[in-house]
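In: make a model of this:
(chains A and B)
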Number of protein chains: 2
Amino acid sequence: MAQPQNATTQAVQRHRNTSKLIDYADPYFATAHLEGLMALYARPLDGRAVELSTGAAKGRRVVDFVRCSYLGLDNHPAIIEGALETVAQCGALHWSCARTRLNFDFLGQLEEALSNLFSAHVIAYSSVLAANMGALPLLASGHLTGNVKPIMVFDRFAHATLAFHKGTVAEEAEVITIEHNDLEALEVICRENPCVAYICDGVYSMGGAAPVDQLLALQARYGLFLYIDDAHGISLFGDNGEGFARSHFGGELGEHTIIAASLGKGFGASGGILMLGTARQAELFRRFSLPHAFSASPNLAAIGAALASESLHRTSELAMLQQRLRENTKLFDRLFPTPFTHADLPIRTIEIGDELATIGAAKAILDQGFYTSAIFFPTVAKGRAGLRICPTAGHSEAEITALCQFLVETLQTAPH
Amino acid sequence: MAQPQNATTQAVQRHRNTSKLIDYADPYFATAHLEGLMALYARPLDGRAVELSTGAAKGRRVVDFVRCSYLGLDNHPAIIEGALETVAQCGALHWSCARTRLNFDFLGQLEEALSNLFSAHVIAYSSVLAANMGALPLLASGHLTGNVKPIMVFDRFAHATLAFHKGTVAEEAEVITIEHNDLEALEVICRENPCVAYICDGVYSMGGAAPVDQLLALQARYGLFLYIDDAHGISLFGDNGEGFARSHFGGELGEHTIIAASLGKGFGASGGILMLGTARQAELFRRFSLPHAFSASPNLAAIGAALASESLHRTSELAMLQQRLRENTKLFDRLFPTPFTHADLPIRTIEIGDELATIGAAKAILDQGFYTSAIFFPTVAKGRAGLRICPTAGHSEAEITALCQFLVETLQTAPH
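Out: Residues are numbered from 1 along each chain as shown, chains lettered A, B, ... in the order given. Model (predicted):
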């Protein structure tokens, strides 16, 4: 199962083919743009509504099911106030210098507060993209695994901001991609190799989740290192909103797990974080993670918003919003059952298959005033196009009911 | 010169060795941290001063020469006000969704205004890191070069956020690294290959600049594609602040050049941009650049600040600040000449050589109230450590004079 660790193996592996990707997908992108489904520009209205500001639909109010603000926090007054206050108090928004040099003291406060909230060593980044980019080479270097380079095993569905780096990671360690949630294949690799790291999502952006309990069993048995991007799971799970992945751990994160998460999405602010298990790991990241030395931190508005959301996470409002999200997804599932249905996860995907049929369906639903994501290659596999819908705690019962009604009407002739 | 385009060649190339990097650099990082030189936390004071907020130096006021706010704009009241107003007006900071889906209408306004200001098709990103990451695979795909995959030639000093991706780019096209500003080597490659792209910085972060006029001559002669990261050159040059690289182009950017730039640094806001030459290139980036589909846009505070800075770029204040920067760097050069001196570039590096001697010098200067960057591997080559100093338009004559006095005193026994 584990391929021989030599240069030739890596040389024949091709993780990317941007040229072919464009050739296949470009006509569908063109059609989706033409239908006014992609790259919309808008102003926020109350709740999950926005007012479109360009194109033929200018001035129209639509209810959005695209944004991943699962707890509806992205226009929460306390979080916006946190952003405003911090920027106003400092008279500054952004410092252009590496984090290895000079940092806003509010950023130190944020990292301390989040470390406490999530019981981990937390480092903040300008985006999850930046966090992931910095982390993978450090993991591949072997410096987190007793100076043994791990076999880097990627889940086939690991987020694009992880999979992107396979070529770069392959220069440091062996890279293997396994099928989605293929625990059997993963265990074979663990059995045959002294040091293995598994790179996956917590909650997957197109539905589903990692089998974290079983992964922890492999960790206990083989010392498997887990790198879990839980951008879509943060805040939605756990008493402190520690997220889908983190809430599977009883106490400490330990020295064999890193969790990446978003400060946007469920958390409601802007930016990304890593949760690390040990002080030495945090030290290594603060010195050698590429974004630390060669890019900038989240800006002060993001920091202020995140500090406000961190405070909100310590109130009863968090559990109330988590509960409302679950009620809304249950309502959705009752009115429009999908095979992807998972009681606790917020993302619903409806497979239609044909790309153009999908675009047509999304257009018909948008015409009714509801914006959903038409997903097609490269976001999902070719010929497996469909709709992606994110019910949130911020949607009203009436909005979800109406959406489901239009979904039934629109898709009754389409296979799903 | 051009190596054969086959898998074996790529397999034996190793662009990264994170493990060895850490082994070499970690003791110096530890020492620099111990001396209170790295990862400082602070609050902004007026001008270029900050108040340290952690460690033994807590409460101390130091004048900072680390930040790259070359025009001193990062605490300009109009820019901060732009950030505050936009966030307050929208009651939102950040939308967690791909740019291929939903965008703040202010972001569309910003991109239009910057396209007009810089005479290019401008796309904004959350950071230059994200912009570069998205761009390189598209360039390597051949879709910007008539469906011929270019030989991807990197300058050895190209910024870390470009060089990082060599392994990933090598999966799509041949990668060659040439010596810094080695026009001769570049021309040989151009002569022997039908399609070549050169990836370099405009103003280099550790001093110096690309020979843009000669690169344009190669472009005219061979059709060389230029990808220039001008993060450190933006706003400092040109009547509209179009930057070091862009100001070398008479009129249009053309179809063979992309310029990346910062919305922080000289520009004074937060985030990054790409300047593209054609509408079709912009369309491809808006569909297939990874951060567009799989990461988020700059947040609204960054957008509001950038809109305010864009307005400022259209006033006489820009030329006044550019002039003040030149006067301040001239003053520095008069008081402390360095071999790196270039009349118009803002970054000064002083090579000391030994890593520990460098850390000692930076510490002595910090004790006098001036914060400079102690630079060592991997930022510069091993054994070529030194100080990096960024005089800005925001420094007073007295601050620059005092710094130079301490530099002379501290370094008179050290070689430079």
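
In: quick one: low-confidence parts of the stretch 301-416 of chain A?
Out: A:340-343, A:413-416 (pLDDT under 70).

In: next, the buried residues of stretch A:168-182.
Out: A:168-178, A:181 (16 or more other Cβ atoms under 10 Å in any protein chain shown). The C-beta positions use only the backbone N, C-alpha and C, and glycine is treated the same way.

In: so of these, which ones are in strands?
Out: Residues of the buried residues of stretch A:168-182 located in strands (DSSP state E): A:175-178.

In: for the stretch 1-150 of chain A, which segments are assigned as helices?
Out: Taking DSSP state H, counting those that start in this stretch to define them, one finds helices in the stretch 1-150 of chain A at A:7-12, A:18-34, A:77-90, A:105-118, A:128-140.

In: packed most tightly, which of those helices would that be?
Out: helix A:128-140 (a mean of 26; mean count of other Cβ atoms under 10 Å in any protein chain shown).

In: now the angle from that helix to helix B:18-34?
Out: For helix A:128-140 against helix B:18-34, the angle by axes from the mean of the first three to the mean of the last three Cα atoms, to 10 degrees is 110 degrees.

In: re the thing from before, ok, which of the helices of the stretch 1-150 of chain A comes nearest A:His292?
Out: Closest approach to A:His292 among those (Cβ to Cβ): helix A:128-140, 6.7 Å.

In: beyond the closest one, next helix or strand please.
Out: Counting by DSSP states H and E, the element after helix A:128-140 in chain order, helix or strand, is strand A:151-155.

In: tilt between that following strand and helix A:128-140?
Out: Strand A:151-155 and helix A:128-140 are oriented at 150 degrees to each other (the same axes, to 10 degrees).

In: give the other helices and strands that strand A:151-155 contacts.
Out: Contact partners of strand A:151-155 among helices and strands, from 3 or more Cβ pairs under 8 Å, 6 or more residues apart in numbering or on different chains; DSSP states H and E: helix A:128-140, strand A:175-178, helix A:183-192, strand A:196-201.

In: need the buried residues of stretch A:168-182 in CSV (columns: distance to A:Ser373 and pLDDT).
Out: Shown next, in CSV, are the buried residues of stretch A:168-182 (distance: Cβ to Cβ, whole Å; pLDDT from 0 to 100):
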residue, distance to A:Ser373, pLDDT
A:Thr168, 29, 95
A:Val169, 29, 96
A:Ala170, 31, 95
A:Glu171, 34, 93
A:Glu172, 35, 93
A:Ala173, 34, 96
A:Glu174, 35, 97
A:Val175, 29, 97
A:Ile176, 30, 97
A:Thr177, 25, 97
A:Ile178, 27, 98
A:Asn181, 23, 97
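
In: ok so, going back, distance to chain B added to the helices and strands packed on strand A:151-155, as TSV?
Out: Below are these laid out as TSV (distance: least, Cβ to the nearest Cβ, whole Å):
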stretch	distance to chain B
helix A:128-140	4
strand A:175-178	10
helix A:183-192	21
strand A:196-201	12
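
In: of those, which is nearest B:Pro346?
Out: Of all the helices and strands packed on strand A:151-155, helix A:128-140 comes closest under Cβ to Cβ, at 25.3 Å.

In: please work out the angle formed by the directions of the closest one and strand A:196-201.
Out: Using the same axes, to 10 degrees: helix A:128-140 against strand A:196-201 is 170 degrees.

In: give me the mean pLDDT for helix A:128-140.
Out: What helix A:128-140 shows for mean pLDDT is 97.

In: strands along the stretch 201-350 of chain A, start to end?
Out: A:225-229, A:257-262, A:272-276, A:348-353 (DSSP state E, counting those that start in this stretch).

In: what's the closest of those to chain B?
Out: strand A:257-262 (6.8 Å; Cβ to the nearest Cβ).

In: pull the contacting residues for the most centrally placed residue in chain A.
Out: Chain A has A:Ala231 as the residue nearest its centroid, 3.1 Å off, counting by Cα atoms, centre = their mean. Applying Cβ atoms under 8 Å, 6 or more residues apart in numbering or on different chains to A:Ala231 gives the contacts A:128, A:159, A:201-203, A:205, A:260-262, A:265, A:272.

In: tell me how far the nearest residue to A:Phe157 once chain neighbours are set aside lies from chain B.
Out: Nearest residue to A:Phe157, sequence neighbours excluded (Cβ to Cβ, 6 or more residues apart in numbering or on different chains): A:His180, at 4.6 Å. From A:His180 over to chain B the distance is 17 Å, taken as Cβ to the nearest Cβ, to the nearest Å.

In: let me see the contact set for A:His180.
Out: A:155-157, A:208.

In: would you turn those into JSON lines with pLDDT and neighbour count?
Out: Output for those, formatted as JSON lines (pLDDT from 0 to 100; neighbours: other Cβ atoms under 10 Å in any protein chain shown):
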{"residue": "A:Asp155", "pLDDT": "98", "neighbour count": "23"}
{"residue": "A:Arg156", "pLDDT": "96", "neighbour count": "13"}
{"residue": "A:Phe157", "pLDDT": "95", "neighbour count": "22"}
{"residue": "A:Gly208", "pLDDT": "90", "neighbour count": "17"}
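
In: now for the residues you listed, which pair is the farthest apart?
Out: The span of those, defined through Cβ to Cβ, is set by A:Arg156 and A:Gly208 at 12.2 Å.

In: before we move on, back to that, farthest-separated two in the contacts of A:Ala231?
Out: A:Val203 and A:Gly272 (14.9 Å).

In: coming back round to it: just the contacts of A:Ala231: which has the poorest pLDDT?
Out: Within these, pLDDT is lowest for A:Ser205, at 88.

In: thinking again about what came up before, save the ones in strands among the buried residues of stretch A:168-182 as JSON lines, and put in distance to B:Leu331 too.
Out: Below are those laid out as JSON lines (distance: Cβ to Cβ, whole Å):
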{"residue": "A:Val175", "distance to B:Leu331": "52"}
{"residue": "A:Ile176", "distance to B:Leu331": "58"}
{"residue": "A:Thr177", "distance to B:Leu331": "56"}
{"residue": "A:Ile178", "distance to B:Leu331": "61"}
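
In: and the lengthiest helix in chain A, which residues are buried?
Out: Across chain A, the helix with the greatest residue count (assigned by DSSP state H) is helix A:317-335. For helix A:317-335, the neighbour count (16+ other Cβ under 10 Å) marks A:318, A:321-322, A:324-326, A:328-329, A:331-333 as buried.
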